[in-house]
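A.B. asks: Requesting a structural model of the entry that follows:
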Amino acid sequence: MSQFAIVLITVFLTLAFEFSNGWHDAANSIATVVSTRVLTPFRAVFWAAFWNFVAAFVFGTAVAKTIGSGMVHIEMVDEKVLLAGLVGAISWNLITLTLGLPTSSSHALMGGYGGAAVAYSGFRALILSGWTKPILFIILSPVIGMMLATMITLLTSWIVRKQRPYKVDQWFRRLQLFSAALFSLGHGTNDSQKGMGIITTVLVAGGLLKTFSVPFWVIICCHLAMAGGTMAGGWRIIKTMGQRITKLTPFGGFAAETAGGMTIVANAVFGIPVSTTHTITGAIVGVGASHRLTAVRWGVTRRIIWAWVLTIPGAAVLGAGMFRFVIPLIAGFHLP
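C.D. replies: Alright, predicted model coming up:
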């Protein structure tokens, strides 16, 4: 198989990954707004997909640069490594989607890419300092989301303390449209940029770009793929996120989405690739815990956390395995 063909397949698979990312992470943007019955599932996915795409014109490419050139030495990988990493990440997404687990597509991509790079060049291919913030924020992003959601819940509770419950419910049904839009903007920019980073890297590795600079067509294509995946939805995961962790009202949904959106947008500005799944889950837990600790179904939450912990190493093993055993059969090359 020619080098150009491998580059083309990698670009196509990256867009497929972005589609699966939108599908897999649709629940992050719309689980709360669906579970509170502010919008029907179809209207909710359309609303989220629209803001996923609008994000292309709002934010830069800081996260794409971190993924593409900040975690693995570009000069020590080739297009076959990127192809193997993508196949590993997509495989992990499909496995967790089947199991109904809201794991991180972002961390699956990082793990798959890193695992394939190690299989090709050893651990020296990794830029260890570039992995510090993403791994640290596996812990910090849900904690920040939880703390912000708790603060927003307490603050808004105090503001509306003298209002009738029915009136409060009507207010927050309208406000939740804006909070869902904010979260979808953050989701769109943070997760689409990961695909941009991979496509730009494969273009550099394949000699089609001289320097790492994300082309405009890559930005548009990644956001379109993300929005399309969100439209397709992920209904089993929506049920887990929206109903099984804690029971949400429009008031709680607003707090969770606002906290999650603020956390993700701030990280995107600073180029930190965080998990939208982790962040919104932490925010939902924060809303439930602000009322009482027993409002959170901790058994479900523990199961989700275990899935988080296993995502990077699990996807890394799949990425390395794909590079060693599957990609050689497809691309027609022999490993040393």
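A.B. asks: can we go C-alpha only for contacts and neighbour counts from here?
C.D. replies: Will do.
A.B. asks: Lowest mean pLDDT among the helices and strands, pick that one out for the chain.
C.D. replies: Taking mean pLDDT, DSSP states H and E as the measure, the chain has helix 235-239 as its least confident helix or strand, at a mean of 53.
A.B. asks: Would you agree Gln176 is in contact with Gly253?
C.D. replies: Yes - counting by CA atoms under 8 Å, Gln176 does reach Gly253; the two are 6.7 Å apart.
A.B. asks: more crowded one of these two?
C.D. replies: For Gln176 versus Gly253, the count of surrounding residues by other CA atoms under 10 Å is larger for Gly253: 33 against 25.
A.B. asks: Go ahead and list the helix or strand containing the more buried one.
C.D. replies: Secondary structure here is read from DSSP states H and E; on that basis Gly253 sits in helix 250-269.
A.B. asks: Give the other helices and strands that the very next helix or strand once past that helix contacts.
C.D. replies: Following helix 250-269 in sequence order, the next helix or strand is helix 276-291 (DSSP H and E). With contacts defined as 3 or more CA pairs under 8 Å, 6 or more residues apart in numbering; DSSP states H and E, the secondary structure elements packing on helix 276-291 are helix 3-35, helix 128-159, helix 165-205, helix 250-269.
A.B. asks: Which residues does the helix or strand that helix 276-291 is followed by contact?
C.D. replies: Heading C-terminal from helix 276-291, the first helix or strand you meet, by DSSP H and E, is helix 298-321. For helix 298-321, the surrounding residues in contact (CA atoms under 8 Å, 6 or more residues apart in numbering) are 84-89, 91-92, 101-104, 107-119, 138, 244-245, 278.
A.B. asks: Put the buried members of those residues into a ChimeraX selection.
C.D. replies: To isolate the buried subset of the contacts of helix 298-321 in ChimeraX, counting by 16 or more other CA atoms under 10 Å, use the following:
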select :84,85,86,87,88,89,91,92,101,102,103,104,107,108,109,110,111,112,113,114,115,116,117,118,119,138,244,245,278
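A.B. asks: picking that back up, mind giving me a markdown table with the helices and strands packed on helix 276-291 and columns for mean pLDDT and distance to Ser290?
C.D. replies: Listed next are these as a markdown table, based on pLDDT from 0 to 100; distance: least, CA to CA, whole Å:
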| stretch | mean pLDDT | distance to Ser290 |
| --- | --- | --- |
| helix 3-35 | 81 | 17 |
| helix 128-159 | 88 | 5 |
| helix 165-205 | 89 | 17 |
| helix 250-269 | 88 | 10 |
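A.B. asks: Which among those is found nearest to Glu75?
C.D. replies: Closest to Glu75 of the helices and strands packed on helix 276-291, according to CA to CA: helix 165-205, at 7.4 Å.
A.B. asks: What is the closest one packed up against?
C.D. replies: Taking 3+ CA pairs under 8 Å, 6+ apart as the contact definition, the neighbouring helices and strands of helix 165-205 are helix 3-35, helix 41-54, helix 62-69, helix 79-99, helix 105-121, helix 216-232, helix 250-269, helix 276-291.
A.B. asks: can you give me the angle the shortest one makes with helix 250-269?
C.D. replies: Pointing back at helix 62-69 there. For helix 62-69 and helix 250-269, the angle between their directions (axes from the mean of the first three to the mean of the last three CA atoms, to 10 degrees) works out to 50 degrees.
A.B. asks: got it, and the longest one?
C.D. replies: Angular relation of helix 3-35 and helix 250-269 on a 0 to 180 degree scale: 150 degrees, by the same axes, to 10 degrees.
A.B. asks: so what does helix 3-35 touch, helix or strand wise?
C.D. replies: In terms of contacts (3+ CA pairs under 8 Å, 6+ apart), helix 3-35 is packed against helix 41-54, helix 79-99, helix 105-121, helix 165-205, helix 216-232, helix 235-239, helix 250-269, helix 276-291.
A.B. asks: again, only using 7 Å
C.D. replies: Counting contacts by 3 or more CA pairs under 7 Å, 6 or more residues apart in numbering; DSSP states H and E, helix 3-35 packs against helix 41-54, helix 79-99, helix 165-205, helix 216-232, helix 235-239, helix 276-291.
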